[in-house]
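Peer 1: Output the structure for:
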Amino acid sequence: MARYYEWAKDLLWKALKAKIWRGSFIKPLHGLNIVVTALVNDTVGTLVAHAYSHPGACIGFIYGTGVNASYPEKISRIGKLHVENSSISSNLSEQHAEQEEQQQNDAIMLVNTEIDLFGNESYLPLTPFDKALDQQHSQPNFQAYEKMMSGAYLGELARLVIVSLTIEHKALFGGHLPSLWKEPWTLTTTWMSEMESMQDNEQRLTKFNEWIAAETSDNPTIATSEDMEQLMQVCTMISTRAATLASAAMAAIIEQQGLLVNEEGDNISDPIIIGVNGSTFEKYPQMQQRIYSKLRSWFGDQVAARIQLDLAKDGSSIGGALIAMLYHPSMQSPKIDNQDHAYASCFPPRVIRRLSKMSFLQRPFFKKLVFRNKSNNAITKKEKSA
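Peer 2: So this is what the prediction gives:
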């Protein structure tokens, strides 16, 4: 069951605020042959989709206009929220027995961290530019971490720095700010990406002057090669900080899962596979390399050699389809061993084999989802090894 509370990046759907989503989605589908079996966050979808093709995947990460992450967690490590005089409290006793049983089985749940909501000055210091961006946003004091590093905000952070360097310090453009950048949100992350992708400052200067002439009435000779060098430094510092913050989230989730050493304290050699979906990760120059470099700085070369950062394009949609299939009511019966499953005939054997190899599907919570064909014969060892 999902409940809506707020959307960021100016996407507000007030009609659905604090309403149960599943019912809101089902009503418009009345009369159509469509069954809603799962409401899936894109990070969880990315993780499942990447685990389908890379069975050892342990993190699903979104890094585009927004940022988020998901990972498999032991239910025994997921606490319950205790709230007095609340409808939540009335459900706790009913959930307690089920939770204890799940803890005994050490079951796994795929957790949507909503990591974008993290961040305050007690552990994540904000610059004056971070604070200025936050206060001019429609939702101030919300999603500090995301505002410091996602594709929706990098361009505006760069603009605020450029405004300060130009107007307050007279260090850019002879103190004359290009007119287009006087308004908030007029410098885009795409523009930053283009600046960093160019080979030298002369190329940047030519492109910049063409842009000034086309978009404004400013003097096209307003900029110099030295200005381009400073612009490049601004873009690089902001994007490198973004990569550092992204790697910090990944590092925290790697450590949370205990992927560095086993229970005996011995080093683990299995690959650490992270599937990342999003335009900032995919298209921003050097972003993937910078994130990996920061992970290597944190963990050292030995662990870094195990880390595999993969682009997981379309992961949220593909993963959503896989989850909808796995959680169809016909797959959830405790008498699964005695049931016929239409999915076995709908999907090729190679699809079923891949699903069975997902590392987190080997855990008790997921084992009941083992696919069986209509004759109720389990997948054979020979098929699994194919």
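Peer 1: Distance of Ala312 relative to Gly64?
Peer 2: Distance of Ala312 to Gly64, given as Cβ to Cβ, to the nearest Å: 12 Å. To be clear about C-beta, it is placed using only N, CA and C from the backbone, and glycine gets the same treatment.
Peer 1: With neighbour numbers in mind, choose between these two.
Peer 2: Using other Cβ atoms under 10 Å, the more surrounded residue of Ala312 and Gly64 is Ala312, with 28 against 20.
Peer 1: what separates the more buried one from Gln257, distance-wise?
Peer 2: Ala312 is 18 Å from Gln257, by Cβ to Cβ.
Peer 1: picking up where we left off before, which residues are in contact with each of Ala312 and Gly64?
Peer 2: Jointly contacting Ala312 and Gly64 under the rule Cβ atoms under 8 Å, 6 or more residues apart in numbering are Asn277.
Peer 1: On the three-state scheme, Ala248 is what?
Peer 2: Here Ala248 is helix, with the state taken from DSSP: H, G, I helix; E, B strand; the rest coil.
Peer 1: Near it, how many other residues are there?
Peer 2: By the criterion of other Cβ under 10 Å, Ala248 has 19 neighbours.
Peer 1: likewise Ala38?
Peer 2: By other Cβ under 10 Å, the residues close to Ala38 number 17.
Peer 1: buried stuff in stretch 129-149?
Peer 2: Judged by neighbour count using 16 or more other Cβ atoms under 10 Å, the buried positions of stretch 129-149 are 129-130, 132-134, 137, 143-149.
Peer 1: Just the ones of those residues in helices?
Peer 2: Of the buried residues of stretch 129-149, the ones assigned to helices by DSSP state H are Phe129, Asp130, Ala132, Leu133, Asp134, Ala144, Tyr145, Glu146, Lys147, Met148, Met149.
Peer 1: what's the closest of these to Thr186?
Peer 2: Taking Cβ to Cβ as the measure, Thr186 lies nearest Leu133 of these, at 13.4 Å.
Peer 1: I'd assumed Glu156 was in contact with that closest one.
Peer 2: Yes. Between Leu133 and Glu156 there is a contact under Cβ atoms under 8 Å: 5.6 Å.
Peer 1: residues bridging contact with the two, i.e. touching both?
Peer 2: Common neighbours of Leu133 and Glu156 are not found (criterion: Cβ under 8 Å, 6+ apart).
Peer 1: Gly119: what secondary structure?
Peer 2: Relying on three-state DSSP, one would call Gly119 coil.
Peer 1: scratch that, Phe61 is what I was asking about
Peer 2: strand.
Peer 1: residue contacts, it?
Peer 2: 43, 46, 67-70, 246, 249-250, 274-278, 281.
Peer 1: can you do 7 Å?
Peer 2: With contact taken as Cβ atoms under 7 Å, 6 or more residues apart in numbering, Phe61 is in contact with Ala69, Met250, Ile274, Gly275, Val276.
Peer 1: Ok, Met195 next?
Peer 2: Arg204, Leu231, Met232, Cys235.
Peer 1: ok, which stretches of the stretch 51-200 of the chain are helices?
Peer 2: 87-105, 128-136, 144-149, 154-163, 189-197 (DSSP state H, counting those that start in this stretch).
Peer 1: Grab the nearest non-local neighbour of Leu295.
Peer 2: Ser247 (4.9 Å; Cβ to Cβ, 6 or more residues apart in numbering).
Peer 1: To clarify, my last question referred to Tyr284.
Peer 2: Leaving aside its chain neighbours, Tyr284 sits nearest to Ser193 (5.1 Å; criterion: Cβ to Cβ, 6+ apart).
Peer 1: try Glu194
Peer 2: Using Cβ to Cβ, 6+ apart, the nearest residue to Glu194 is Lys207, at 7.3 Å.
Peer 1: what number of residues lie near the one you found?
Peer 2: Counted with other Cβ under 10 Å, Lys207 comes out at 15.
Peer 1: Quick check: mean pLDDT of the helix or strand that it is a member of?
Peer 2: Per DSSP states H and E, Lys207 falls inside helix 201-215. For helix 201-215, mean pLDDT rounds to 89.
Peer 1: can you pull the pLDDT of the residue nearest to Tyr284?
Peer 2: Here, the pLDDT recorded for Ser193 equals 97.
Peer 1: Over to Tyr123?
Peer 2: Note on Tyr123: pLDDT of 87.
Peer 1: start the count at 26, not 1, going forward
Peer 2: All right, first residue 26 from here; so that's Tyr148.
Peer 1: measure it to Leu158 for me?
Peer 2: For Tyr148, the distance to Leu158 equals 19 Å [Cβ to Cβ].
Peer 1: buried sites along stretch 70-88?
Peer 2: Those buried within stretch 70-88 under the rule 16+ other Cβ under 10 Å are 70-80, 82-88.
Peer 1: ignore the last one, stretch 266-281
Peer 2: Neighbour-count burial for stretch 266-281 [16+ other Cβ under 10 Å]: 266-279.
Peer 1: need those in JSON lines with pLDDT and distance to Gly199, can you?
Peer 2: Formatted as JSON lines, the buried residues of stretch 266-281 follow (pLDDT from 0 to 100; distance: Cβ to Cβ, whole Å):
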{"residue": "Arg266", "pLDDT": "98", "distance to Gly199": "28"}
{"residue": "Ala267", "pLDDT": "98", "distance to Gly199": "29"}
{"residue": "Ala268", "pLDDT": "98", "distance to Gly199": "32"}
{"residue": "Thr269", "pLDDT": "98", "distance to Gly199": "33"}
{"residue": "Leu270", "pLDDT": "97", "distance to Gly199": "34"}
{"residue": "Ala271", "pLDDT": "98", "distance to Gly199": "36"}
{"residue": "Ser272", "pLDDT": "98", "distance to Gly199": "38"}
{"residue": "Ala273", "pLDDT": "97", "distance to Gly199": "38"}
{"residue": "Ala274", "pLDDT": "97", "distance to Gly199": "40"}
{"residue": "Met275", "pLDDT": "98", "distance to Gly199": "42"}
{"residue": "Ala276", "pLDDT": "97", "distance to Gly199": "43"}
{"residue": "Ala277", "pLDDT": "96", "distance to Gly199": "44"}
{"residue": "Ile278", "pLDDT": "96", "distance to Gly199": "47"}
{"residue": "Ile279", "pLDDT": "96", "distance to Gly199": "48"}
